[in-house]
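K.L.:
Below are the sequence and a predicted model; questions follow.
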Amino acid sequence: MAQIIVLPHEELCPDGALIDAQPGQSLCDALLAKGIMIEHACEKSCACTTCHVVVREGFASLESPEELEEDLLDKAWGLEPTSRLSCQVTLGSEDLVVEIPKYTVNMVSEAKH
């Protein structure tokens, strides 16, 4: 079982969080199960960037992102070298420290305007 440390986020988890997560689960699902209501406008289908996170520790233990995820990340607010879409991160047995960026870009709803 992996532990995920979520750094404090002003709105979603002001005190931060510690999550015990099952290997094979998506990071987004683990956050949602703990009550951290990270946006996921495309219903976790890798079609937006609303579930963008920055992996502060444990990034090297993750599977490499697919090309579609990398293309979408280019449009994410606050992109960093260790940015990932949480819906595309499959958890392993390594612990992670993640930060949810302050802002998000909703590629789904903004494309409709």
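P.N.:
Received the coordinates, thanks. Model, not experiment: these values are computed from the prediction. Numbers count the residues shown, from 1 in each chain.

K.L.:
What separation do you get for the most centrally placed residue in the chain and residue 10?
P.N.:
By C-alpha atoms, centre = their mean, the mean C-alpha position of the chain lies nearest to residue 86, the distance being 2.7 Å. Distance of residue 86 to residue 10, given as C-beta to C-beta, to the nearest Å: 18 Å. Using the backbone N, CA and C atoms, a C-beta is placed for each residue, glycine as well.

K.L.:
Got phi/psi on residue 61?
P.N.:
phi -80, psi -10 (degrees, to the nearest 10).

K.L.:
What is the neighbour count of it?
P.N.:
14 (other C-beta atoms under 10 Å).

K.L.:
my guess is it meets residue 97, correct?
P.N.:
No. Counting by C-beta atoms under 8 Å, residue 61 stays clear of residue 97, with 11.6 Å between them.

K.L.:
Tell me where the model's unsure across the protein.
P.N.:
Residue ranges of the chain with pLDDT under 70: 105-113.

K.L.:
where along it do the helices fall?
P.N.:
27-33, 67-73, 107-110 (DSSP state H).

K.L.:
Would you mind pulling up the elements that the first one packs against?
P.N.:
What it means is helix 27-33. strand 2-6, strand 17-21 (3 or more C-beta pairs under 8 Å, 6 or more residues apart in numbering; DSSP states H and E).

K.L.:
Can you point out the buried residues in the first one?
P.N.:
The neighbour-count check on strand 2-6 (16 or more other C-beta atoms under 10 Å) flags 2, 4, 5, 6 as buried.

K.L.:
Could you check how far the first one is from residue 77?
P.N.:
When distance is defined by C-beta to C-beta, residue 2 is 27 Å away from residue 77.

K.L.:
Surely residue 83 touches residue 74?
P.N.:
No. Residue 83 is beyond contact range of residue 74, at 9.7 Å (criterion: C-beta under 8 Å).
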